[in-house]
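Novice: Please find the sequence and the predicted model below.
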Amino acid sequence: MADQGYYVRPVLLDRERHKRRRVKAASGFGFARQAHSVVLAGVEFGEASREYAIVFTRSPAGKVVPVVLLGLRGGENLFVDGEEHWDARYVPAFVRRYPFVLAELPGQQSLAVCIDEAFAGWNIAEGEPLFDEQGADTAFLRNALEFLGQYQREHVRTEAFCARLEQAGILKEMNARASLTDGRAFTIDGLLVVDEAKLLALPDATVLSWFRSGELHLVSLHLASLSNLQRLVDRMAQRKSEMPPAPQPPR
């Protein structure tokens, strides 16, 4: 369910091929306007839970992953406005790392750094260079690589957390249905949430272990964030009301 579709033409970053390339900062978040959900790392739960609904879903590889819901239907991000601003205080790290991304390569243990060649700021004239005249990484690229590395480390930790939730058998399916005052209704399938009854029935040793590791706090943040589903409905209704009236046929 997590949407990675805004990486249109990701390619391996190549020191020789891209030696003259520069990255000009994006003027907005238009690239993510069709992402109705993105993957979230556990370390982000605190900030994200204030504004987004955090749920779980399965990745294409079958792993349980947490995501933030950004829209009620595919291809629509209710947090990117008409001027390409992100209409929330916290922007998920998955979005902030764009246009860079790490990718798995067949037969290799380490992840490869890729960049989206379709990114509007990818050019040879303006912005931050990736490599200096000697072919070494610039400070800009080193910072980007550090961010990617930190994101990946948190992603691995989050995967382990999600695996423990699944092994404990406390996840249940939830289909979110939203009804607007104009009669429209939307259903989001494929969601997983923590079953509070099963959470309360966990053995004391498991609960104590999760408490000491901080993972029980993540579960609490996830459950508290579900109240933000109503905010998505409100955003959808507001966006509809801001649409210009349809032109009337001539009489």
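Specialist: Everything's here; your move.
Novice: Now do the helices in this protein.
Specialist: 45-48, 93-96, 139-168, 196-200, 204-213, 215-225, 229-242 (DSSP state H).
Novice: Give the other helices and strands that the longest one contacts.
Specialist: Looking back up the chat, that one is helix 139-168. For helix 139-168, the elements it packs on are strand 64-69, helix 93-96, strand 100-103, helix 215-225, judged by 3 or more C-beta pairs under 8 Å, 6 or more residues apart in numbering; DSSP states H and E. Where C-beta positions appear, they are placed from N, C-alpha and C, glycine not excepted.
Novice: Buried residues of that helix, list them for me.
Specialist: Within helix 139-168, the residues that count as buried by 16 or more other C-beta atoms under 10 Å are 141, 144, 148, 151, 154-155, 158-159, 161-162, 164-165.
Novice: Name the nearest residue to residue 180, ignoring sequence neighbours.
Specialist: residue 237 (5.2 Å; C-beta to C-beta, 6 or more residues apart in numbering).
Novice: Against residue 182, how distant is the one you found?
Specialist: The gap separating residue 237 from residue 182 is 8 Å, by C-beta to C-beta, to the nearest Å.
Novice: More neighbours: which of the two?
Specialist: Remark: of residue 237 and residue 182, residue 237 carries more neighbours, 15 against 8, as counted by other C-beta atoms under 10 Å.
Novice: From what I see, that one and residue 178 are in contact.
Specialist: No - using C-beta atoms under 8 Å, residue 237 makes no contact with residue 178, being 9.3 Å away.
Novice: tell me, what's touching these two both at once?
Specialist: Residues touching both residue 237 and residue 178 by C-beta atoms under 8 Å, 6 or more residues apart in numbering: none at all.
Novice: mind listing the strands for the stretch 1-150 of the chain?
Specialist: With strands called from DSSP state E, counting those that start in this stretch, the stretch 1-150 of the chain shows them at 10-12, 22-23, 37-39, 53-58, 64-69, 100-103, 112-116, 122-123, 128-129.
Novice: what's in contact with stretch 13-32?
Specialist: By C-beta under 8 Å, 6+ apart, stretch 13-32 touches 6, 38, 77, 80, 83-86, 91, 95, 98-100, 112-115, 119-131, 135, 140.
Novice: rewinding a little: and the buried residues of helix 139-168 as CSV, adding distance to residue 212 and pLDDT?
Specialist: Supplementary listing: the buried residues of helix 139-168 in CSV, determined by distance: C-beta to C-beta, whole Å; pLDDT from 0 to 100:
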residue, distance to residue 212, pLDDT
141, 38, 95
144, 34, 95
148, 30, 95
151, 25, 94
154, 19, 96
155, 22, 94
158, 18, 97
159, 20, 95
161, 14, 97
162, 18, 97
164, 13, 97
165, 16, 97
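Novice: Nearest to residue 209 among these?
Specialist: Ranked by distance to residue 209 (C-beta to C-beta), these are led by residue 164 at 9.0 Å.
Novice: quick one: the closest one from residue 215, how far?
Specialist: Distance, residue 164 to residue 215, by C-beta to C-beta: 7 Å.
Novice: cool, and residue 42?
Specialist: Taking C-beta to C-beta as the measure, residue 42 falls 8 Å from residue 215.
Novice: Bridge partners for the spatially most central residue of the chain, pull those for me.
Specialist: Among the residues of the chain, the one closest to the centroid is residue 38, at 2.3 Å (C-alpha atoms, centre = their mean). Counting by DSSP bridges, residue 38 is bridged to residue 68.
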